[in-house]
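[1] Structure here, sequence nowhere to be found:
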């Protein structure tokens, strides 16, 4: 296992950073990495907004509820799935925008954006920085779009906090390969036989140094998905011009 | 720029591979990297299916139309956005599945899947392998799902071919930073002022060694989005149980 892959397998989300600054050169490397990833048919359907204004940071952190570290992390980027460039090109040629508004184009933009973000994450970790994806921006996705002045056919998917780690947890045990990787067809029986993994996750949460708890993977998922989450994402997308 | 980031900035899609085999150890590293990425609230909403059966490979390659190398690449994985594990947990506790069926959960699963895929891509390239995302599986997404026996609340997003590169193109020039990265708010004017970039992309396509052509970035996007693409992705998602 080479150093790049070893680092990937040691990934943990970091929410507790020192006050050390990220340099301009490091930021340049982060955005260059993000811009270099694969992109569907070269459409590059994403934008990145760095949030340096503290008032704006605070408002975004309040939207997340769960991520007060958004206020204090050295660097915070918001990743935007973005078909607005394509819209501007089509409009300039008097074409309608129907092709950008459907589910296929939405998927393309979400995938392009996430590839860029994960490149940034790996680049950050390669420089011994820590990162945390901030999906809870979607707690009030409409307000995030207003704050960032997002045009039609764009969608703020998540943010990413980056800084020098003060504390790192141990990596969480991932699904066993037998529960997640198969050959030639989906393996429903093996993928949903989660009892061994529940025992592993139970031990992880029972034994971890901070926030130890009595739970397992199935219990956690049950708690997360027992109620409907962020139902207004759909209406937001329609307001942004997607017909889906 | 450290070696990991340097490699990222040199990324190109590879469609022409030698006959050299990927080792079992390399494959193990690829799936371990994919499974180690960030995941929204630890839900790990993806599965990976390696396609080793040549008949199945050929059928999938035929669906892509544009990617005959799917037949011959040493290794081919299909990435599946997957909320079926969560469905099995909710069913076992007599909960309805509404929370898994909405746009928010779909986005979570697409993001988790893409993070995993991009980790695999970076891991592959760190071992001097080449990769190509195969989004054109969505040309007939329903048939892909049938071939792979995908259950409800799953979605095959893309494949990835991996092998030892025989030929590598030069990296395509990405959007200038001024067209894609902003501070504190979306910059509609700068993001859609694409004339400089069109000139760069024009030169790239005019001068490249294979498949030189007279085009630019705006022209390419216009050609891609002039017609509605893959409109049946929406009806497929509804058949898979998503209400959106």
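    Cool, the structure landed. Just so you know, these numbers come straight off a predicted model, no measurement behind them.

[2] Do you have the strands of chain A handy? List them.
    Along chain A, the segments classed as strands by DSSP state E run A:46-50, A:75-82, A:130-134, A:154-163, A:181-183.

[3] so the second one versus strand A:154-163, what angle?
    In terms of direction (axes from the mean of the first three to the mean of the last three Cα atoms, to 10 degrees), strand A:75-82 departs from strand A:154-163 by 160 degrees.

[4] Chain A: helices as residue ranges?
    A:3-9, A:24-35, A:54-64, A:69-72, A:84-92, A:98-101, A:103-126, A:141-147, A:188-191, A:195-207, A:217-225, A:232-239 (DSSP state H).

[5] could those be laid out in a markdown table, adding distance to chain B?
    Placement of C-beta: from N, CA and C, glycine included. As requested, these are arranged in a markdown table below (distance: least, Cβ to the nearest Cβ, whole Å):
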| stretch | distance to chain B |
| --- | --- |
| helix A:3-9 | 4 |
| helix A:24-35 | 5 |
| helix A:54-64 | 6 |
| helix A:69-72 | 14 |
| helix A:84-92 | 4 |
| helix A:98-101 | 4 |
| helix A:103-126 | 4 |
| helix A:141-147 | 8 |
| helix A:188-191 | 6 |
| helix A:195-207 | 9 |
| helix A:217-225 | 4 |
| helix A:232-239 | 4 |
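
[6] Out of the ones you listed, which is the most enclosed?
    Mean neighbour count (mean count of other Cβ atoms under 10 Å in any protein chain shown) peaks for helix A:103-126 among these, with a mean of 26.

[7] any idea how chain A splits into domains?
    Using automatic domain parsing, the domain parsing of chain A gives A:3-169, A:177-220.

[8] Throw the ones you listed into TSV and include mean pLDDT, thanks.
    Listed next are those as TSV, based on pLDDT from 0 to 100:
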stretch	mean pLDDT
domain A:3-169	97
domain A:177-220	96
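
[9] For residue B:131, which of these is the nearest?
    Minimum separation from residue B:131 across the domains of chain A (Cβ to Cβ) falls at domain A:3-169, 7.7 Å.

[10] distance of the spatially most distant residue from the centre of chain A from residue B:226?
    For chain A, the residue at maximal distance from the C-alpha centroid (Cα atoms, centre = their mean) is residue A:94, at 34.6 Å. Residue A:94 sits 11 Å away from residue B:226, going by Cβ to Cβ, to the nearest Å.

[11] Tell me which residues touch residue A:40, please.
    A:108, A:111-112, B:133, B:135 (Cβ atoms under 8 Å, 6 or more residues apart in numbering or on different chains).

[12] Need the max-distance pair from those residues.
    A:108 and B:133 (10.9 Å).

[13] any chance of the domains of chain A in CSV, plus distance to residue B:207?
    CSV is the format used below for these (distance: least, Cβ to Cβ, whole Å):
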stretch, distance to residue B:207
domain A:3-169, 16
domain A:177-220, 42
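
[14] my read: residue A:67 touches residue A:61, true?
    Yes - look at residue A:67 against residue A:61 with Cβ atoms under 8 Å: they come within range, at 6.3 Å.

[15] What count of nearby residues applies to the closest residue to residue A:200 other than its chain neighbours?
    In space, and not counting its chain neighbours, residue A:200 is closest to residue A:173: 5.0 Å by Cβ to Cβ, 6 or more residues apart in numbering or on different chains. Residues contacting residue A:173 under the criterion other Cβ atoms under 10 Å in any protein chain shown number 12.

[16] just checking, residue A:173 touches residue A:198?
    No - using Cβ under 8 Å, residue A:173 makes no contact with residue A:198, being 10.9 Å away.

[17] which non-adjacent residue is nearest residue A:95?
    residue B:226 (5.9 Å).

[18] right, and that neighbour touches residue A:97 too?
    No - judged on Cβ under 8 Å, residue B:226 makes no contact with residue A:97 at a distance of 11.0 Å.

[19] Relative to chain B, how far out is residue A:155?
    The gap separating residue A:155 from chain B is 9 Å, by Cβ to the nearest Cβ, to the nearest Å.

[20] can you check residue A:177 too?
    Taking Cβ to the nearest Cβ, one finds residue A:177 at 6 Å from chain B.

[21] That residue: what's it in contact with?
    Per Cβ under 8 Å, 6+ apart, neighbours of residue A:177: B:31, B:35.

[22] Swap in 7 Å and give it another go.
    residue B:31 (Cβ atoms under 7 Å, 6 or more residues apart in numbering or on different chains).

[23] before we move on, what about residue A:240?
    A:152-155.

[24] of the residues you listed, closest to chain B?
    When the contacts of residue A:240 are ranked by distance to chain B (Cβ to the nearest Cβ), residue A:154 comes first, at 7.1 Å.

[25] Apart from its chain neighbours, what residue comes closest to the closest one?
    residue A:82 (4.8 Å).

[26] what's near enough to touch the one you found?
    A:45-47, A:109, A:154.

[27] with those in mind, which one is nearest to residue B:101?
    Using Cβ to Cβ, the contacts of residue A:82 come closest to residue B:101 at residue A:109, 21.3 Å.

[28] can you pull the buried residues of stretch A:37-55?
    A:37-51 (16 or more other Cβ atoms under 10 Å in any protein chain shown).

[29] How about stretch A:158-169?
    A:158-165.

[30] among the domains of chain A, which is nearest residue B:187?
    domain A:3-169 (8.6 Å).

[31] ends of the closest one, how far apart?
    In domain A:3-169, first residue to last residue: 20 Å (Cα to Cα, to the nearest Å).

[32] how far is it from where the chain is centred?
    Its chain's C-alpha centre and that of domain A:3-169 lie 7 Å apart, by Cα atoms, centre = their mean, to the nearest Å.

[33] Quick one: residues contacting residue A:141.
    A:156, A:233, A:236.

[34] I'd say residue A:66 and residue A:137 touch.
    No - counting by Cβ atoms under 7 Å, residue A:66 does not reach residue A:137; the two are 10.8 Å apart.

[35] which one of the two has more residues nearby?
    More neighbours surround residue A:137 than the other of residue A:66 and residue A:137, with 25 against 13 (other Cβ under 10 Å).

[36] what about the more buried one, distance to chain B?
    On the measure of Cβ to the nearest Cβ, residue A:137 and chain B end up 12 Å apart.

[37] residue contacts, that residue?
    Counted by Cβ under 7 Å, 6+ apart, residue A:137 has contacts A:60, A:63-64, A:78, A:144, A:156, A:158-159.

[38] about what we covered before: possible to save the contacts of residue A:141 as CSV with distance to residue B:21?
    What follows is those, written out as CSV (distance: Cβ to Cβ, whole Å):
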residue, distance to residue B:21
A:156, 43
A:233, 44
A:236, 47
